[in-house]
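Asks: just need the structure, nothing else, for what follows:
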Amino acid sequence: MKLILFTFLFTTFSAGAYQCTDFQNDPLKVETLKFIATEAYGYESGEEFCATDTHLDLELYFVPNLFLYQEEEDDHYKFMVHYNYRSCTFIYNQTQKFLSKKSCYSTW
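Replies: The predicted model follows:
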């Protein structure tokens, strides 16, 4: 019974974790990851961020219905990085190539 419970918990909590390799087939996601890794985190490249950062999970997706002031017609990507006791969210303006928003918060 304990083995079944452990297996269930392991598959439940590990199934949703994304890493850098999950985004390699989409060039716009790779561009977003590289921009945030170099500009926001100060790494030399996206590959260095993926290899050395201590994140637990990454989320990266296109946000079609985001209408920021004076960016209404632009394409945006939302990048979320989850750590042990905090998470950070970045909104990348893919059209104009800059970081629109950044927020970090404690999950403790």
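Asks: only C-alpha atoms from now on, for both contacts and neighbour counts.
Replies: OK.
Asks: which residues of the chain score low on pLDDT?
Replies: Along the chain, segments meeting pLDDT under 70 span 1-17.
Asks: output the helix or strand hosting residue 104 as CSV, nothing but the C-alphas.
Replies: Using DSSP states H and E, residue 104 sits in strand 98-106. In CSV, the C-alpha atoms belonging to strand 98-106 read as follows (Å, rounded to 0.1, in the frame of the first residue of the first chain):
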residue,chain,number,x,y,z
PHE,A,98,12.3,43.9,-24.2
LEU,A,99,11.2,42.8,-20.7
SER,A,100,7.7,44.2,-20.1
LYS,A,101,7.2,43.1,-16.5
LYS,A,102,9.0,41.2,-13.8
SER,A,103,7.7,40.1,-10.4
CYS,A,104,9.1,37.7,-7.8
TYR,A,105,7.3,36.4,-4.7
SER,A,106,7.9,34.1,-1.8
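Asks: how far off centre is that strand?
Replies: 11 Å (Cα atoms, centre = their mean, to the nearest Å).
Asks: with stretch 80-100 instead?
Replies: The answer for stretch 80-100 is 6 Å, by Cα atoms, centre = their mean.
Asks: can you tell me what sits against that stretch?
Replies: 28, 32, 36, 54-60, 74-79, 101-108 (Cα atoms under 8 Å, 6 or more residues apart in numbering).
Asks: which of those residues fall in helices?
Replies: When DSSP state H is applied, those are split such that 28, 32 fall in helices.
Asks: filter the contacts of stretch 80-100 to the buried ones?
Replies: Buried members of the contacts of stretch 80-100, scored by 16 or more other Cα atoms under 10 Å, are 32, 36, 57, 58, 59, 60, 75, 76, 77, 78, 79.
Asks: how about the last one: what's its closest non-neighbour residue?
Replies: Counting by Cα to Cα, 6 or more residues apart in numbering, residue 60 is the residue found nearest to residue 79 once chain neighbours are left out, at 4.5 Å.
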